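# 3D model of this:
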Amino acid sequence: MANLINLENVSKTWGLKTLLDGVSLGVQTGDRIGVVGLNGGGKTTLLEVLSGIEPPDSGRVSHVSDLRMAVVTQRAELNDSDTVADVVLAPLGLEVFEWASNAKVREVLGGLGIVDLGLDTAVGQLSGGERRRVNLAAALVRDLDLVILDEPTNHLDVEGVQWLASYLLNRRIAIVVVTHDRWFLDTVATTTWEVHDGVVDSYEGGYNDWTFARAERARQADAIEQRRANLARKELAWLRRGAPARTSKPRYRIEAAEALISNVPEPRDKVELMAFSKSRQGRVVIELEDATIATPDRRILVEDLTWRLGPGERIGLVGVNGSGKTTLLRTLAGEYPLVAGKRIQGQTVKLGWLRQELDDLDPSRRLIDCVEDVASYVHVGKREMSASQLAERLGFSPKRQRTPVGDLSGGERRRLQLTRVLMAEPNVLLLDEPTNDLDIDTLQELESLLDSWPGTLVVISHDRYLIERVTDSTWALFGDGRLTNLPGGIEEYLRRRESLAEAENAGVLDLGERSQRPKHSGVSAQEQHRITREMNALERKMGKLDAKMEKLNTQLADAAEAMDTDRLSSLDADLRAVREEHAELETAWLELGELSES
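Alright, predicted model coming up:
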């Protein structure tokens, strides 16, 4: 292995803050390094010093000769008059008509959706997210030794994030990437650098290993670090209880992790939160009946949709960019009209909506004043918190809370917007890409808050960890005029998207003509509506049986501990009966699903 870049005793100061203080590290061929840390902690500065964009104040940066390197920052500084082909293809000496003959170029343009933008489109006509994707594509089509990426997953959907991870792994080039996407970090990185307090700590492995190492370190820290330790332990407990964790640690380290989380409870008490939600919300939350929703360009998004959000439901909503997720969320909020059908909202519903657009606040006002405008105190679960305490949990130190809004970064304004939404104590929370511009520490704080938050939750996010962590069911928009429930979660979504892509390539399905109304061969709209209602009813019954089985399992454990054989026999019979009933309902649900698709 050869050294590609070396930093020797490098220091860098921005204003009065020292971001790098005597840092020495290196990047070798084949390294895959994830860079994490708090917003404003020096991650981007480290990338810029590594790549030579910014010179160090002191120390030495050396590159191997003839290093083939690409750097993709968040700035996306492109010439507005250039076309997409000028940016991506021209540096390779390719004409617009030649790109399809180059396998690497074809894979990148397809994976990042660049062809859909139009190769003849001027860069000045693209949105900020589209410019970022073009900039990323221009780097990935080149033959490289090292690629340096700053938040490459921003503005990519779940499918795009998975494609990027797979592509980088297959290229076998050195990677240094700043990312707050924990699934991406865990999949791609073999080493994690944490930038904090002017130093860079290096850990073996990705997000899972870094979480364990940080929890182990924080457990031995003083009282100031205790809250951070608890968060890290809680996150580690969730990671270890899910699918087998991706970790490069030997067995004795895994056993140490299990001991560390042995007394950590489940992230949330679902039964208690559900009961509390019903007491706050009543039976009716938000319902859409026989709803047809069209996008602003008159494309049918969903047709004949009957969807009832119950108290305490936690739903993740996924789909490709442009599939209509935000439009559906706006419809749930009552801010977007239905083409047909009706929307019903419970009398006790209090909506909280985190939009992608930033709030228009007076730039001269202090941050804490903007939070206290909403409320001075908020109840999160059984705990009461002041506006200042909630702001601190979401990353604003007491000193930072006195900062004028106009001096906040984009990420900080996003956190302020989230704080204001939570301070209103909504019982229905709609979150549209809540992870944008949030660092991992703040994400963990947000997830911890949502763990004890009682209410109905609908989340749009490309962050797989967030969807899997804070929601209980996943729904998807595939562009077929329906809202589809995915019992298998994100993995099922990706499998279905792959099947759709294969069918499209085979000429079986054309998702390009999405402006047409979906056709239901063999099933009338009235019949489709009846089937949907019956399937929803069966889902509610199965949900009740799931709760009943969980309760019976708990009672069985108690009876086994008490050695009560008679009660064990009775409970076992009850459990078998409930399981049989659940299996019958599930069979009926699957039969209705097949009828619906016929």
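# doesn't residue 347 belong to a strand?
No - Residue 347 sits outside any strand when classified using DSSP: H, G, I helix; E, B strand; the rest coil, being coil.
# and for it, the neighbour number?
The local packing of residue 347 (other Cβ atoms under 10 Å) involves 7 other residues. Where you see a C-beta, it was placed from the backbone N, CA and C, and this is true even at glycine.
# what's the answer for the one 3 residues further on, then?
Here the count is done by other Cβ under 10 Å, and residue 350 has 14 residues near it.
# residue 489 now?
17.
# now residue 371: how far from residue 491?
To residue 491, residue 371 is 38 Å away according to Cβ to Cβ, to the nearest Å.
# which one of the two has more residues nearby?
Remark: of residue 371 and residue 491, residue 371 carries more neighbours, 24 against 13, as counted by other Cβ under 10 Å.
# over to that one. Which of the three states is it?
The local conformation at residue 371, judged by three-state DSSP, is helix.
# what about it, distance to residue 82?
Noted for residue 371: a distance of 43 Å to residue 82, by Cβ to Cβ.
# do residue 55 as well
Note on residue 55: its distance to residue 82, by Cβ to Cβ, is 28 Å.
# in terms of neighbours, single out the busier of the two.
The residue with more neighbours, out of residue 55 and residue 82, is residue 82; 15 against 12, by other Cβ under 10 Å.
# tell me which strands the helix or strand where residue 317 lies pairs with, and in which orientation.
In the assignment (DSSP states H and E), residue 317 maps to strand 314-318. With DSSP bridges as the test, strand 314-318 is paired with strand 456-460 (parallel), strand 473-477 (parallel).
# quick check: which of these is buried the most?
Burial of the strands paired with strand 314-318 is given as mean neighbour count (mean count of other Cβ atoms under 10 Å); strand 456-460 ranks first at a mean of 24.
# count the neighbours of residue 321 for me.
Using other Cβ under 10 Å, residue 321 has 16 other residues around it.
# my bad, should have said residue 372
18.
# who's in contact with it?
Residue 372 sits next to residue 387 when contact means Cβ atoms under 8 Å, 6 or more residues apart in numbering.
# just give me how far stretch 80-91 sits from the chain centre.
Mean C-alpha position of stretch 80-91 versus that of the full chain (Cα atoms, centre = their mean, to the nearest Å) differs by 31 Å.
# now do stretch 45-58
How far stretch 45-58 lies from its chain's middle: 30 Å, per Cα atoms, centre = their mean.
# can you pull out the strands in the stretch 151-300 of the chain?
174-178, 191-196, 199-204, 286-294, 300-309 (DSSP state E, counting those that start in this stretch).
# wait, which of those strands is closest to residue 504?
Closest approach to residue 504 among these (Cβ to Cβ): strand 300-309, 18.8 Å.
# what helices or strands is that closest one leaning on?
Where contact means 3 or more Cβ pairs under 8 Å, 6 or more residues apart in numbering; DSSP states H and E, strand 300-309 is packed against strand 286-294, helix 325-332, strand 483-486, helix 525-561.
# got a list of contacts for the shortest one?
Outside strand 483-486, the residues within contact range by Cβ under 8 Å, 6+ apart are 302, 305, 307, 318, 328, 473-478, 492-493, 496, 539.
# mind picking the two most distant members of the residues you listed?
Farthest pair in the contacts of strand 483-486 (Cβ to Cβ) is 305 and 492. Separation: 20.0 Å.
# so for these two, which sits in the more crowded spot?
Legend: neighbour count by other Cβ under 10 Å for residue 305 and residue 492, higher for residue 305 (22 against 15).
# mind checking pLDDT for the more buried one?
For residue 305, the pLDDT comes out at 91.
# check contacts around the residue nearest to it when sequence neighbours are not counted.
Excluding the flanking residues, the one nearest residue 305 by Cβ to Cβ, 6 or more residues apart in numbering is residue 291, at 4.5 Å. By Cβ under 8 Å, 6+ apart, the residues touching residue 291 are 302, 304, 305, 306, 307, 331, 338, 340, 341, 342, 343.
# where's residue 431, which helix or strand?
strand 428-432.
# just give the strands next to that strand in its sheet, each with its orientation.
strand 351-354 (parallel), strand 456-460 (parallel).
# and the pLDDT at residue 87?
Looking at residue 87, its pLDDT stands at 90.
# what helices or strands is whatever helix or strand it lives in leaning on?
Residue 87 belongs to helix 84-88 when assigned by DSSP H and E. Here helix 84-88 touches helix 114-117, helix 128-140, going by 3+ Cβ pairs under 8 Å, 6+ apart.
# and those as a markdown table, adding mean neighbour count, mean pLDDT and distance to residue 159?
Formatted as a markdown table, the helices and strands packed on helix 84-88 follow (neighbours: other Cβ atoms under 10 Å; pLDDT from 0 to 100; distance: least, Cβ to Cβ, whole Å):
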| stretch | mean neighbour count | mean pLDDT | distance to residue 159 |
| --- | --- | --- | --- |
| helix 114-117 | 18 | 85 | 13 |
| helix 128-140 | 21 | 88 | 13 |
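# could those be laid out in a markdown table, adding distance to residue 409?
Shown next, in a markdown table, are those (distance: least, Cβ to Cβ, whole Å):
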| stretch | distance to residue 409 |
| --- | --- |
| helix 114-117 | 28 |
| helix 128-140 | 16 |
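# separation between residue 479 and residue 301?
Distance from residue 479 to residue 301, counting by Cβ to Cβ: 9 Å.
# quick one, which of these two is more surrounded?
The neighbour comparison of residue 479 against residue 301 (other Cβ under 10 Å) goes to residue 301, with 24 against 21.
# okay, now the unreliable bits of the chain?
1, 75-76, 217-282, 381-382, 505-530, 560-561, 563, 593-598 (pLDDT under 70).
# any idea which residue is closest to the centre of it?
residue 463 (1.5 Å; Cα atoms, centre = their mean).
# the closest residue in space to that one that isn't next to it in sequence: what's it in contact with?
What sits nearest to residue 463 in space, not counting adjacent residues and going by Cβ to Cβ, 6+ apart, is residue 435, at 4.4 Å. Shown in contact with residue 435 (Cβ under 8 Å, 6+ apart): 180, 181, 443, 461, 462, 463, 466.
# try 7 Å
180, 443, 461, 463, 466 (Cβ atoms under 7 Å, 6 or more residues apart in numbering).
# same deal with residue 379?
Contact analysis of residue 379 by Cβ under 7 Å, 6+ apart lists residue 425.
# before we move on, what about residue 144?
Residues counted as contacts of residue 144 (Cβ under 7 Å, 6+ apart) are 68, 69, 70, 173.
# do residue 391 as well
Neighbour list for residue 391: 368, 371, 401, 419 [criterion: Cβ under 7 Å, 6+ apart].
# quick one: which of those is nearest to residue 311?
residue 419 (24.6 Å).
# pretty sure that closest one contacts residue 392?
No - using Cβ atoms under 7 Å, residue 419 is not in contact with residue 392; the gap is 9.8 Å.
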